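Chemist: Only the shape, not the letters, is given here:
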DNA sequence: GTCTATAGGCAGATAGAC
DNA sequence: GTCTATCTGCCTATAGAC
């Protein structure tokens, strides 16, 4: 948590809390990103506009272009900040939990807290819209998933060695299945606006991972 | 397969084949739906326009409005046709396979064939865009998932009784996990344009379901 | 940094001729 | 059924004043 970002996924000292809007924004650029992030997670990159952000922030569209040359640049910045915060959250999980299983439980709570805010995972949303995204954003989305799955794979490897987690197949395959299951459970839970629906899938998943 | 729809998901006589474009379209309305369906699955409901469909079909936007009053009506018709074809595909699976496990394998191949065409599941895509959809489309998306999961739940119940499939928890929960896993695996595989990535997750899932 | 003003394009949609 | 023509509105983006 050294980068000074606001607490992104509601993770604080290993506890899951409702993500609060920062009382004061460090600067306009961050405020833009925070608003745009929520809009993209809720409505998609093709479902929000500069006008939406400008209206909510109380400045004009023209001012947005001062901070981000175009929508593509804004999009890349969104993924970059999101990825950095996600990495922070993963580091916090490692600091707070010892066993691989406990870490996975905490990992699933990141997703749950995002869903609680009526949001989709940013990069899950962008994966759906992938074929409409500018090239720079595409690269960033792939990098996010790579980093995410690499972290999971290492966790699974360690857990397998320590006997604190159980799974069939390779750690790589299991990592992909975990990410896929969580992203998909979020996706399908959205139309139902029902967190418990997501949680039941997670419980099912955790039951299979419990050593 | 009694409705006379074109073979939607590449399922024919229990075999998975590349989904071929129908040689001749029954009428303009169907042609519009076929083109729009592909565009929505590839780019999202907010990522295509009447102009895209009109250009590809070689007619004008105004002609589209004769067949579908507005984008919302077109969207509802898309989900309705997709859902009917999906139901046909499920019926075909039941006709072609006896055991619950074999049926699940065939079920996963529906998703694989969609992904092979660089598409997302139509309703998976719409679930991502859910908060931007008109009310009628939202209802239709939920109904699709309800029907889909009800079919899976019955299959799991039957398989559990016959001992041809294995899972922990309730059939309902397992059904939700299967749908979630498949939708999520499709979603995450998109940025990688790699079917084998999807297939590895499916193999992982099937390994756990094998009796 | 933020504004006003505006460009230029595309969106969904309609009127009315054929 | 399909066309031409057109409307209104929103989109991203830019120029230039303050």
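Modeler: Perfect, thanks for sending it. Just so it is clear, the model here is predicted, and its values are computed rather than measured.

Chemist: can I assume residue A:76 is in contact with residue A:143?
Modeler: No - in this structure residue A:76 lies outside contact range of residue A:143 using C-beta atoms under 8 Å: 10.8 Å. Every C-beta, even on glycine, is put in place using the N, C-alpha and C of the backbone.

Chemist: Any part of the helix or strand hosting residue A:35 near DNA strand D?
Modeler: Here residue A:35, judged by DSSP states H and E, is contained in helix A:28-43. No - judged by C-beta under 7 Å from any atom of the strand, helix A:28-43 and DNA strand D are separated, with a smallest distance of 10.2 Å.

Chemist: buried set for that helix?
Modeler: For helix A:28-43, the neighbour count (16 or more other C-beta atoms under 10 Å in any protein chain shown) marks A:31-43 as buried.

Chemist: do stretch A:167-184 as well
Modeler: Per 16+ other C-beta under 10 Å, stretch A:167-184 contains these buried residues: A:167, A:171, A:173-184.

Chemist: roughly how far out does stretch A:182-193 sit from the chain middle?
Modeler: In terms of C-alpha atoms, centre = their mean, to the nearest Å, the centre of stretch A:182-193 is found 14 Å from the chain centre.

Chemist: Out of the buried residues of stretch A:167-184, which comes closest to DNA strand D?
Modeler: Taking C-beta to the nearest atom of the strand as the measure, residue A:183 is the one of the buried residues of stretch A:167-184 closest to DNA strand D, at 24.8 Å.

Chemist: Who's the closest spatial neighbour of that closest one, skipping the chain neighbours?
Modeler: residue B:184 (4.0 Å; C-beta to C-beta, 6 or more residues apart in numbering or on different chains).

Chemist: re the thing from before, check the buried residues of helix A:28-43 against chain B, which are close?
Modeler: A:42-43 (C-beta under 8 Å from any C-beta of the partner chain).

Chemist: can you redo the buried residues of helix A:28-43 as JSON lines with distance to residue B:27 and pLDDT?
Modeler: Output for these, formatted as JSON lines (distance: C-beta to C-beta, whole Å; pLDDT from 0 to 100):
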{"residue": "A:31", "distance to residue B:27": "52", "pLDDT": "98"}
{"residue": "A:32", "distance to residue B:27": "48", "pLDDT": "98"}
{"residue": "A:33", "distance to residue B:27": "48", "pLDDT": "98"}
{"residue": "A:34", "distance to residue B:27": "49", "pLDDT": "98"}
{"residue": "A:35", "distance to residue B:27": "46", "pLDDT": "98"}
{"residue": "A:36", "distance to residue B:27": "43", "pLDDT": "98"}
{"residue": "A:37", "distance to residue B:27": "44", "pLDDT": "98"}
{"residue": "A:38", "distance to residue B:27": "43", "pLDDT": "98"}
{"residue": "A:39", "distance to residue B:27": "39", "pLDDT": "98"}
{"residue": "A:40", "distance to residue B:27": "39", "pLDDT": "98"}
{"residue": "A:41", "distance to residue B:27": "40", "pLDDT": "98"}
{"residue": "A:42", "distance to residue B:27": "38", "pLDDT": "98"}
{"residue": "A:43", "distance to residue B:27": "34", "pLDDT": "98"}
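
Chemist: Show me what from chain A comes close to DNA strand D.
Modeler: A:48-52, A:61-62, A:65, A:69-72.

Chemist: Mind jotting down where the strands sit in chain A?
Modeler: A:11-12, A:15-16 (DSSP state E).

Chemist: what sits against the residue with the largest distance to the centre of chain A?
Modeler: Within chain A, residue A:62 marks the point farthest from the mean C-alpha position, 29.1 Å out by C-alpha atoms, centre = their mean. When contacts are counted by C-beta atoms under 8 Å, 6 or more residues apart in numbering or on different chains, residue A:62 touches no other residue.

Chemist: Widest-spaced pair of the buried residues of stretch A:167-184?
Modeler: Using C-beta to C-beta, these span at most 20.0 Å, a distance reached by A:171 and A:184.

Chemist: Rounded mean pLDDT for stretch A:203-211, please.
Modeler: Averaged over stretch A:203-211, pLDDT sits at 95.

Chemist: Flag the shaky bits of chain A, pLDDT-wise.
Modeler: Counting by pLDDT under 70, chain A contains low-confidence ranges at A:1-26.

Chemist: Which residues of it lie near DNA strand C?
Modeler: Residues of chain A lying near DNA strand C by C-beta under 7 Å from any atom of the strand: A:27-28, A:58-63, A:66-67.

Chemist: out of those residues, which are buried?
Modeler: Counted by 16+ other C-beta under 10 Å, the residues of chain A next to DNA strand C give A:59, A:67 as buried.

Chemist: now, which of the residues of chain A next to DNA strand C sits nearest chain B?
Modeler: For those, the residue nearest chain B by C-beta to the nearest C-beta is residue A:61; the value is 19.4 Å.

Chemist: who touches the closest one in this structure?
Modeler: Each residue near residue A:61 by C-beta under 8 Å, 6+ apart is listed here: A:50-51, A:54.

Chemist: In helices only, show me these.
Modeler: Among these, DSSP state H puts A:50-51, A:54 in helices.

Chemist: Specify which member of those residues is nearest to residue A:155.
Modeler: residue A:50 (39.0 Å).
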